[in-house]
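1. 3D, please:
(chains A and B)
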Amino acid sequence: MNNSVRERREALGLSQASLGEHLGVSRQTINSIETGKYDPSLPLAFTIARYFGTTIEEIFDDQPHA
Amino acid sequence: MTSPTRNLAIKLATSVVAGSTACAAFVALALAADKPSLAKGMVTGGSLALAAFVALSVIAHVRRDAPPEARLATGIADERDRRLATRAAAHAAIAMYAVSVGGVIALAFGASGIAVLGCVMWAGLLAAGLSFIVSVRRG
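-> Residues are numbered from 1 along each chain as shown, chains lettered A, B, ... in the order given. As a prediction, the model looks like this:
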């Protein structure tokens, strides 16, 4: 699943580890989400969206880009 | 001694005492049944398991970026770690079922029951370990 977690994290000047600390997950989990290898659970997706002050739909996109 | 370090020391001491007690009980049972080889295996296996638990706990405590297995062993796993462990357990169950089918056939042909059980156990352990390693490497 495509997502904009990396762009939003970098815009805030955060490392993967510090974002992970804020969200209560490991650095590896943040890395896996950013690279699209791991789709977060719904509760974690909501936590991510709230952290960035937006909605899940704005961050995660299940439609493959042309 | 800082509070997290003291908590870790207490947790490790409790775990080692509980694990050693459980292991000693099984060893006593094996010795009472006149199975010294089994008792020796229990001592070796129990010691290795306890040593691995202590090592993973210390790694998880010392390293900020601890590996998933260390976080799982010390109870600080996140949802991805638990998903990896669940997948490994599922693969272990499939492997053990497959080997147990072969084991039933082997038993019908006169194979030793303890050998078949050992094969089932090791198949599960190997499948779980392999699945976990591959899943972690793939991200």
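2. quick one: residue B:16 from residue B:46, how far?
-> 11 Å (CB to CB, to the nearest Å). Every residue, glycine included, has its C-beta placed from N, CA and C.
3. these two: which has the busier surroundings?
-> residue B:46 (17 against 14; other CB atoms under 10 Å in any protein chain shown).
4. quick check: that one is in a helix.
-> Yes: under DSSP: H, G, I helix; E, B strand; the rest coil, residue B:46 falls within a helix.
5. residues in contact with it?
-> By CB atoms under 8 Å, 6 or more residues apart in numbering or on different chains, residue B:46 lies in contact with B:19-20, B:22-23, B:26-27.
6. now chain A, which segments are flagged as low pLDDT?
-> By pLDDT under 70, the low-scoring segments of chain A are A:64-66.
7. and it, which residues reach chain B?
-> Proximity of chain A to chain B, by CB under 8 Å from any CB of the partner chain, involves residues A:17, A:24-29, A:31-32, A:35, A:37-38, A:40-41, A:44.
8. thinking again about what came up before, nearest to chain A among the contacts of residue B:46?
-> Distance ranking of the contacts of residue B:46 against chain A, using CB to the nearest CB, places residue B:19 first at 26.2 Å.
9. tally of neighbours for residue A:27?
-> Neighbours around residue A:27, by other CB under 10 Å: 17.
10. that one contacts residue A:33, doesn't it?
-> No: counting by CB atoms under 8 Å, residue A:27 stays clear of residue A:33, with 10.9 Å between them.
11. and residue 7, how many residues sit next to it?
-> Chain wasn't specified; assuming chain A. When neighbours are defined as other CB under 10 Å, residue A:7 has 10 of them.
12. that's the other chain; I wanted chain B
-> Residue B:7, neighbours per other CB under 10 Å, totals 12.
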